[in-house]
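# coords please:
(one chain, ligands or ions: 1)
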Amino acid sequence: MDTGKITLEVVSPQGLVVKEQVDEVNAIPGSEGEFGVLPGHMCFVTTLKVGVLSFKSAGSEKYVFINSGYAEVSSSNISILADSAEKAEDIDVERAIAARQRAEERLRQAEEVDFARATAALDRATARIQIVKR
Ligand code: ATP
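Alright, predicted model coming up:
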């Protein structure tokens, strides 16, 4: 049945982060770029990168941090499996600022640094801070 709504579900290893009937999903951080989904969309599966999920529900825009994973999209459902995810109100901004500082310090030490790991940590912290500052 087409209700004109999308059931959005976000799950991480910590459990269910979001399960909501939403009007539209404005942005999902796809590995190949951000995309939006309206009800009635064709089915597909894609990988996700670190970024911000945004959707409209009961007239307001909501934001969720997504740390990589997969999205399965069908006409009335979106299921996201993320390595970690938090709703805006659950983000500990002090923790994210500390994580960003650690990552930036590592990246300044030119040698003996796992560059990819430090960059990924910086990306996560930056996305979390960006959500809280909206
Ligand atoms: P940190 O270095 O602070 O642990 P991280 O990016 O390495 O950050 P993740 O591996 O993404 O952390 O997540 C580990 C767990 O901690 C997950 O359950 C995630 O939801 C939670 N988490 C991480 N950072 C925050 C934050 N700033 N606010 C709330 N929860 C967080």
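
# Next to the ligand, which bits of the protein? Give me the list.
Contacts of the chain with the ligand, taken as C-beta under 6 Å from any ligand atom, map to 14, 67, 84, 86, 90-92, 95-96, 99, 121, 124, 128. For every residue, glycine as well, the C-beta is placed using N, CA and C.

# what about burial for these, which qualify?
If you count burial by 16 or more other C-beta atoms under 10 Å, the buried members of these come out as 67, 84, 86, 91, 96, 99, 121, 124, 128.

# Which residue comes closest to residue 11 once chain neighbours are left out?
Excluding the flanking residues, the one nearest residue 11 by C-beta to C-beta, 6 or more residues apart in numbering is residue 81, at 5.5 Å.

# what's the average pLDDT for the helix or strand hosting the one you found?
Taking DSSP states H and E as the definition, residue 81 sits inside strand 77-87. For strand 77-87, mean pLDDT is 98.

# Buried residues, that strand. List them.
Within strand 77-87, the residues that qualify as buried are 78-82, 84-86, counting by 16+ other C-beta under 10 Å.

# Can you tell me which helices and strands that strand packs against?
In terms of contact count using 3 or more C-beta pairs under 8 Å, 6 or more residues apart in numbering; DSSP states H and E, strand 77-87 is assigned the packing partners strand 6-12, strand 15-22, strand 24-30, strand 60-73.

# next SSE after the third one?
Pointing back at strand 24-30 there. Once strand 24-30 ends, the next helix or strand along the chain (criterion: DSSP H and E) is strand 33-37.

# so how far is that following strand off the chain centroid?
Its chain's C-alpha centre and that of strand 33-37 lie 12 Å apart, by C-alpha atoms, centre = their mean, to the nearest Å.

# Tell me the buried residues in that strand?
Neighbour counts over strand 33-37 (16+ other C-beta under 10 Å) mark 35, 37 as buried.
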